[in-house]
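Asker: sequence and predicted structure are below.
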Amino acid sequence: MLGRRKFLHNSLLGSVSALATNHEWQTGESVVGKPIVISTWNEGKPANAVAWQILQKGGRALDAVEAGVMIIEDSQNCCVGLGANPDRDGIVTLDACIMDEHFNCGAVAFLERIKHPISVARRVMEKTPHVFLVGAGAQQFAIAEGFPLEEQKLSTNAKEAYENWLKKSEYKPAVNIENRQHGPYAPLQFENGDWNHDTIGMVALDTNGNLSGSCTTSGMGFKMRGRVGDSPIIGAGLYVDNEVGAVAATGQGEDVIRICGSHTVVEFMRQGLSPEQACKKTVERIFKIKGAKAKDIQVGFIAVNKKGQVGAFALQKGFTYAVKSKDAEYLKDAKFLI
């Protein structure tokens, strides 16, 4: 009799668990499982597809997050890479960083004429005693590693946007301009001198339970010459702790740097918060600092914890993120604060 009761009890628990899990897949509130990859903005969906080809075969998360964002760097019609908007002097400069499950990390910034800064960042991590190379030194290292030096020429879309911006040469924030486009690879539309802060961040958990992350950007469109945001900074634009989780940031980098954003999210997860709760808590910290000026910027975070739960949160409405796993694939609007 007791055996039968125990069987019925366990069967009921299993049914409830299955229903709860199914609900999570449908709503996208919290995906649980591995492998899994999550990335920022609409571009995250095609990037995830590339990363998934590696993850589904049991590949390493580090390889997946590099390959995933490379496809976005490769697109001349996208907001990241050499086809993106230049600085105020008309030159495209790129930043990127990458981090693996062993706290190994590499980064490059203010890099010119190299198509794949994320791969250069990985070479910095694996082949030098350093973490961060910038400017001419980063380019010299890339060439020595066999990366071709691309032609210094603006893409058609970037040239048009830059010429339009030069009419007033003003910095005017346009929240969520990353997604102001028609399709995943369409050129951004600029109005009245809008600038942008274009980034793709990606974090993944592989079948071995190891985490890695990547972040690559062309930086703020029409930025001051030499400006570097949060994207290539370990602890700001990206952070990975293989015992806890991995986080990537997007949005106005200056404000992510102020609070070591991605590291802060990881620390909140360490305290027991879910990925979404940890992202929210970090966004609230930025809001407290910015006050009334918060309405003029956007900041968003994506996170995955060691259990394979994912989450995201943004300062304002309009931040999207993409998730891919064995049982789910979706592009979702993140919850937001204001």
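Answerer: Looks like it came in fine.
Asker: pLDDT weak spots in this structure?
Answerer: 1-31, 76-78, 171-197 (pLDDT under 70).
Asker: may I have the secondary structure class of the most centrally placed residue in it?
Answerer: Nearest residue to the geometric centre of the chain (Cα atoms, centre = their mean): residue 201, 1.3 Å. At residue 201 the chain is in strand, as set by DSSP: H, G, I helix; E, B strand; the rest coil.
Asker: work out for me the element the nearest residue to residue 259 once chain neighbours are set aside sits within.
Answerer: Nearest residue to residue 259, sequence neighbours excluded (Cβ to Cβ, 6 or more residues apart in numbering): residue 285, at 5.4 Å. C-betas here are computed from N, CA, C, even on glycine. In this structure, residue 285 sits in helix 275-290 according to DSSP states H and E.
Asker: circling back: and the residue nearest to residue 259, how close does it get to residue 274?
Answerer: Distance from residue 285 to residue 274, counting by Cβ to Cβ, to the nearest Å: 17 Å.
Asker: for these two, indicate the residue with more neighbours.
Answerer: Taking neighbours as other Cβ atoms under 10 Å, residue 285 and residue 274 compare with residue 274 leading, 19 against 16.
Asker: using PDB, write out every CA atom in the helix holding residue 285.
Answerer: Output of helix 275-290 as PDB, limited to C-alpha atoms (Å, rounded to 0.1, in the frame of the first residue of the first chain):
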ATOM      1  CA  PRO A 275      19.400  35.900 -13.500                       C
ATOM      2  CA  GLU A 276      16.500  38.300 -14.100                       C
ATOM      3  CA  GLN A 277      16.400  39.500 -10.500                       C
ATOM      4  CA  ALA A 278      20.100  40.100 -10.600                       C
ATOM      5  CA  CYS A 279      19.900  42.100 -13.800                       C
ATOM      6  CA  LYS A 280      17.000  44.100 -12.400                       C
ATOM      7  CA  LYS A 281      18.900  44.900  -9.200                       C
ATOM      8  CA  THR A 282      21.900  46.200 -11.200                       C
ATOM      9  CA  VAL A 283      19.700  48.300 -13.500                       C
ATOM     10  CA  GLU A 284      18.100  49.800 -10.400                       C
ATOM     11  CA  ARG A 285      21.600  50.900  -9.200                       C
ATOM     12  CA  ILE A 286      22.200  52.700 -12.500                       C
ATOM     13  CA  PHE A 287      18.700  54.400 -12.200                       C
ATOM     14  CA  LYS A 288      19.500  55.600  -8.700                       C
ATOM     15  CA  ILE A 289      22.800  57.100  -9.900                       C
ATOM     16  CA  LYS A 290      21.300  58.800 -13.000                       C
END
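Asker: brilliant, that's me finished.
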